[in-house]
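*Asks:* here is my input; please provide its structure:
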Amino acid sequence: MKPMTAVLIGAGARGAGGYARYALDCPHELKFVAVAEPNAERRNKFADEHGISRENCFETWEELLSRPQMADIAMICTQDRMHYEPTLQALDLKYHVLLEKPMSPDPRECVEMERRALANNRLLTICHVLRYTPFWATLKKIIAEGRIGEVVSIQLNENVGYWHIAHSFVRGNWNNSDKSSPMILAKSCHDMDVLSWLMDQPCVKISSFGSLMHFHSGNAPAGSTDYCIDGCAVEAECPYSAPRFYLGEGKAWARHYTEELTRENIVKGLRESPYGRCVYKCDNNVVDHQVVNMEFASGATAMFSMCGFTREQERRIQIMGTRGELRGEESTITLMDFLTHQKTEIEIPPQVSGHGGGDSGIVRSFLREVRSNAGGESLTSASASVRSHLMAFAAEESRLNGGKAVLIDDYYKQVVAAT
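*Replies:* Numbers count the residues shown, from 1 in each chain. Here you go, the predicted structure:
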């Protein structure tokens with residue numbers, strides 16, 4: 001069996017460092033034959049790692065997709081607002097597409113991508129990697145087996161981590177919804193997806209509250225400077241100090257602004273890149289905390305809370321059924337039976353690949369689905385993803401309108417009418 005072939009559009013942290021690593025670990029299953037990446041250093045590094053000839057290295061996705069189909073698969077890992085056009089072109093060229101989440105910040109574009117995949121009889125799989133992890137798959141299996149009866153309510157907390165929200169959503173690429181996506185989509189579309197998946201029924205009504213409470217100029221301490229490294233008088237006392245993070249425990253995250261993690265390059269980036277800015281003096285506008293309330297077709301409910309002010313980066317979930325309860329955090333799932341009072345703890349083994357095994361899991365599953373494709377859908381197909389994306393879009397509409405409840409069917413009809 002020959003390996004599947006792929007092109008990569010966007011050789012950043014998620015593309016080159018996440019999904020494409022599968023080809024290095026399992027070269028008998030996947031081989032990259034072309035790459036499009038505007039950063040020359042990243043482009044050349046990826047080409048060298050994967051043995052790609054220089055004539056198949058492109059600065060833009062337009063150049064790559066102007067060629068006839070070069071491979072079986074296109075992996076598209078560009079920024080949020082750069083997903084729509086390359087996805088449509090790749091589908092029209094008959095590539096099967098693995099697309100980084102979110103699909104698009106525009107609900108109309110999400111619906112159109114779903115339609116284009118169906119029209120071309122091609123798989124369009126969205127990287128909702130949580131579904132492919134042993135942790136979340138185990139929760140789904142226990143529910144499907146009826147071990148807690150009918151699900152009545154779910155509570156899901158996404159603890160973003162004070163350092164992670166400062167890196168990605170205050171200083172970083174996803175800090176401004178006008179340039180990327182609102183927080184509920186950029187960070188928490190994973191959560192909308194797993195809630196929809198675990199409930200396995202339509203969400204009918206949604207409401208949401210949240211705000212940018214802390215990371216704004218009104219909270220800038222006296223003596224703070226635009227860049228932490230420029231003599232800030234309070235830098236030593238600030239938990240969000242960029243030098244402390246990128247020169248300390250967050251050194252690996254400096255790869256978002258420098259390929260070579262030398263002290264000289266990290267310090268240079270702290271002076272010149274957005275990642276060295278004071279967290280109170282950035283151009284961010286996305287929320288730093290948000291809650292979402294959901295009602296599903298059966299009458300079951302769910303509550304989701306995202307907060308940036310936590311020490312750990314983790315998700316914690318409680319699933320309450322008519323015959324039992326599930327609790328999950330870190331690598332432990334606890335099942336409590338109402339009849340026997342038996343408590344069962346399930347330990348999920350550590351995973352090698354990122355996102356709890358989800359990065360390699362989704363690629364492995366996608367390759368299998370492409371090989372056996374007969375017009376069906378993948379586990380996280382565009383059709384499934386559109387449903388959870390609409391939940392996120394509706395939640396954001398509710399938040400912006402003072403928490404007014406939004407009916408999902410009505411919202412979907414408005415989107416389709418405008419498409």
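*Asks:* show me what the longest helix belonging to the chain is packed against.
*Replies:* Looking across the chain with DSSP state H, the single longest helix is helix 382-400. Judged by 3 or more C-beta pairs under 8 Å, 6 or more residues apart in numbering; DSSP states H and E, the packing partners of helix 382-400 are helix 107-119, strand 124-126, helix 183-186, helix 189-199, strand 203-211, strand 289-296, strand 406-407, helix 408-418. Using the backbone N, CA and C atoms, a C-beta is placed for each residue, glycine as well.
*Asks:* tell me the pLDDT at Ser353?
*Replies:* As predicted, Ser353 sits at a pLDDT of 61.
*Asks:* residue closest to the middle of this protein?
*Replies:* Taking C-alpha atoms, centre = their mean, the centroid of the chain lies closest to Lys101, which sits 5.0 Å from it.
*Asks:* which element, helix or strand, includes that one?
*Replies:* In the assignment (DSSP states H and E), Lys101 maps to no helix and no strand.
*Asks:* who's in contact with it?
*Replies:* 126-128, 189-190, 385 (C-beta atoms under 8 Å, 6 or more residues apart in numbering).
*Asks:* so which of the residues you listed wins on neighbours?
*Replies:* Ile126 (30 neighbours; other C-beta atoms under 10 Å).
*Asks:* these two touch, right, it and Val97?
*Replies:* No - taking contacts as C-beta atoms under 8 Å, Ile126 lies outside contact range of Val97: 9.3 Å.
*Asks:* ranges for the helices of the stretch 201-350 of the chain?
*Replies:* For the stretch 201-350 of the chain, the helices defined by DSSP state H, counting those that start in this stretch occupy 242-246, 263-272.
*Asks:* just those: most buried one?
*Replies:* With neighbours defined as mean count of other C-beta atoms under 10 Å, these peak in mean count at helix 242-246, which reaches a mean of 22.
*Asks:* which elements pack onto it?
*Replies:* Against helix 242-246 (3+ C-beta pairs under 8 Å, 6+ apart) you get helix 263-272.
*Asks:* the helix it packs on: how far from the chain's middle?
*Replies:* Relative to the chain's own centre, helix 263-272 is displaced by 27 Å; criterion: C-alpha atoms, centre = their mean, to the nearest Å.
*Asks:* may I have it as PDB, with CA atoms only?
*Replies:* Taking Å, rounded to 0.1, in the frame of the first residue of the first chain, the C-alpha atoms of helix 263-272 are listed here in PDB:
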ATOM      1  CA  ARG A 263      18.400  34.000  24.100                       C
ATOM      2  CA  GLU A 264      19.500  36.700  21.600                       C
ATOM      3  CA  ASN A 265      16.500  35.900  19.200                       C
ATOM      4  CA  ILE A 266      14.000  35.700  22.100                       C
ATOM      5  CA  VAL A 267      15.100  39.100  23.500                       C
ATOM      6  CA  LYS A 268      15.000  40.600  20.000                       C
ATOM      7  CA  GLY A 269      11.400  39.400  19.600                       C
ATOM      8  CA  LEU A 270      10.500  40.900  23.000                       C
ATOM      9  CA  ARG A 271      11.600  44.300  21.700                       C
ATOM     10  CA  GLU A 272      10.200  44.100  18.200                       C
END
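*Asks:* got the contact list for that helix?
*Replies:* 227-230, 242-243, 246-247, 251, 254, 257-258, 275-276.
*Asks:* on that earlier part again, quick one: the longest helix of the chain to strand 289-296, angle?
*Replies:* 120 degrees (axes from the mean of the first three to the mean of the last three C-alpha atoms, to 10 degrees).
*Asks:* out of the helices of the stretch 201-350 of the chain, nearest to Ile142?
*Replies:* With distances scored as C-beta to C-beta, the stretch of those nearest to Ile142 is helix 242-246 (37.8 Å).
*Asks:* and the nearest residue to Tyr412 once chain neighbours are set aside, how far is that from Met103?
*Replies:* In this structure, Tyr412 finds its nearest non-sequential neighbour in Leu390, 5.7 Å apart by C-beta to C-beta, 6 or more residues apart in numbering. Using C-beta to C-beta, to the nearest Å, one gets 11 Å for the distance from Leu390 to Met103.
*Asks:* common neighbours of these two, please.
*Replies:* With C-beta under 8 Å, 6+ apart as the test, Leu390 and Met103 both reach Cys110.
*Asks:* what about those two, which has more around it?
*Replies:* Met103 (29 against 23).
*Asks:* ok, the more buried one - contacts?
*Replies:* 83, 109-110, 113, 126, 382, 385-386, 389.
*Asks:* what is the nearest of those to Lys45?
*Replies:* The nearest member of these to Lys45, counting by C-beta to C-beta, is His83 at 23.1 Å.
*Asks:* how about that closest one: what's its closest non-neighbour residue?
*Replies:* His83 sits nearest to Ser104 (C-beta to C-beta, 6+ apart), 5.3 Å away.
*Asks:* what's the burial count for that neighbour?
*Replies:* The local packing of Ser104 (other C-beta under 10 Å) involves 21 other residues.
*Asks:* my read: it touches Glu85, true?
*Replies:* No - between Ser104 and Glu85 there is no contact under C-beta under 8 Å: 10.0 Å.
*Asks:* wasn't Phe32 part of a helix?
*Replies:* No - applying DSSP: H, G, I helix; E, B strand; the rest coil, one finds Phe32 to be strand, outside a helix.
*Asks:* now it. Nearest residue, chain neighbours left out?
*Replies:* Take Phe32 and drop its neighbours on the chain: the residue closest to it by C-beta to C-beta, 6+ apart is His50, 4.4 Å away.
*Asks:* might you report the residue contacts of that neighbour?
*Replies:* Counting by C-beta under 8 Å, 6+ apart, His50 touches 20, 23-24, 31-32, 35.
*Asks:* right, and Asp359 touches Ala20 too?
*Replies:* No - with contacts counted by C-beta under 8 Å, Asp359 stays clear of Ala20, the gap being 9.7 Å.
*Asks:* returning to that earlier point: in the longest helix of the chain, which residues are buried?
*Replies:* Buried positions in helix 382-400, judged by neighbour count with 16 or more other C-beta atoms under 10 Å: 382, 384-399.
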